[in-house]
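Visitor: Sequence and predicted model, in that order:
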Amino acid sequence: MKKQGLQLDRVVLLGRTYDEYIRSFALQMEQWRGKKVLDVASGVGSFRAEASALGYDVTAADRIYDISPEELAARCATDLDHIIDSVRDLNVYRWDNFYGTPERLRGLRERAYKTFLQDYGRHGDRYVKINLPRLPFRDGDFDLTLVSYLLFVYEDQLSYEFHKESIREIMRVTRGEARIYPTVTFEAEPSKYLAKLGEDLLELSVKVINTDFEFLRNSNNFLKISR
Ligand SMILES: C[S@@+](CC[C@H](N)C(=O)[O-])C[C@H]1O[C@@H](n2cnc3c(N)ncnc32)[C@H](O)[C@@H]1O
C-alpha cells in the first residue's frame, strides 16, 4: 500500500516547546517540582530550557550533544524547512487541534530550537551525550523520564530489539515512571511493537494513557511505564 505519512530516511533534528510537551504527555508539572526529570532524545527541543526557567530540575540527553551550537543551528534550520514543506499537504496531520497552520508550526519549532541553542550554550552540563539503547546514568536516578518522537514513530528505522532494550534501560535509570509519546508511526498507525512489548516486559506495567492532544492522527495517547 502506498505510504501516506512523512517519509524520512533518518531521525530529524526538530524540537518541540514546553507547551507541546505538557500537552503530549498530559503533564501536571507541579507533581514534579523538587523531583528529577530526564528528557531522552530531547534533541533541539526547549522543554529543558523552559522547565528549568520555571524551577524544575530537568536533564536533557541526546546523541547530538557533542556537536557545537553553530553546527546544530545550521542543521536545525535545514531540517525545519524540509519538514514544514513535507507536512503541509499530508492528510495524516490534524491542523484543527493545536497548530492551526504550517506557519504557526514553523514559528513554534523555530522558537524551540533558538531557546534550546541559548540554554545549550549556557548550561552545557545539563545536556548529556547518550547513545540509546545505553544510558550513562545510575540506577533509579530520575523520578520521571520522557521520550518524545523517537520510539515507535521511527518504527521502520529502529528495530524491535532497540525499542525493548531502550525501554529496559530507561526503566533502570527511572525510579518513578516513564512516558513515551507518540505510540503511532508516521503513517498514523499504532506501532506493531506495542503488543509484543506488553508480552516481553512482564516485569513492568505498560499502559496506554489517552490525551486530548492530536497532531499526527491517532497520536492522542502516550505509553506510561512503571513497576
Ligand atoms: C525528532 S527528534 C525529537 C526531539 C524532541 N524529543 C522533541 O520531541 O521535540 C529525535 C531525536 O532523537 C535523537 N536520537 C536518535 N537516535 C538516538 C539514539 N540512539 N540515542 C540518543 N538519541 C537519539 C536525535 O538526535 C534527535 O534529536
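Guide: That came in fine, so what should we check first? Residues are numbered from 1 along each chain as shown.
Visitor: The ligand versus residue 91, what's the distance?
Guide: Note on residue 91: its distance to the ligand, by CB to the nearest ligand atom, to the nearest Å, is 21 Å. (Glycine included, C-beta is placed from N, CA and C.)
Visitor: Give me the secondary structure label for the residue nearest to that residue when sequence neighbours are not counted.
Guide: Nearest non-adjacent residue to residue 91, counting by CB to CB, 6 or more residues apart in numbering: residue 4, 6.8 Å away. Classification of residue 4 using DSSP: H, G, I helix; E, B strand; the rest coil returns coil.
Visitor: residues in contact with residue 4?
Guide: Residue 4 is in contact with 90-92, 187-188, counting by CB atoms under 8 Å, 6 or more residues apart in numbering.
Visitor: Show me which residues of stretch 20-38 are buried.
Guide: 20-27, 32, 36-38 (16 or more other CB atoms under 10 Å).
Visitor: Please apply the same query to stretch 126-133.
Guide: Judged by neighbour count (16+ other CB under 10 Å), stretch 126-133 contains these buried residues: 126-128, 130, 132-133.
Visitor: Could you give the separation of it from the chain centroid?
Guide: How far stretch 126-133 lies from its chain's middle: 13 Å, per CA atoms, centre = their mean, to the nearest Å.
Visitor: so where's the longest helix in the chain?
Guide: Assignment by DSSP state H gives helix 102-122 as the longest helix of the chain.
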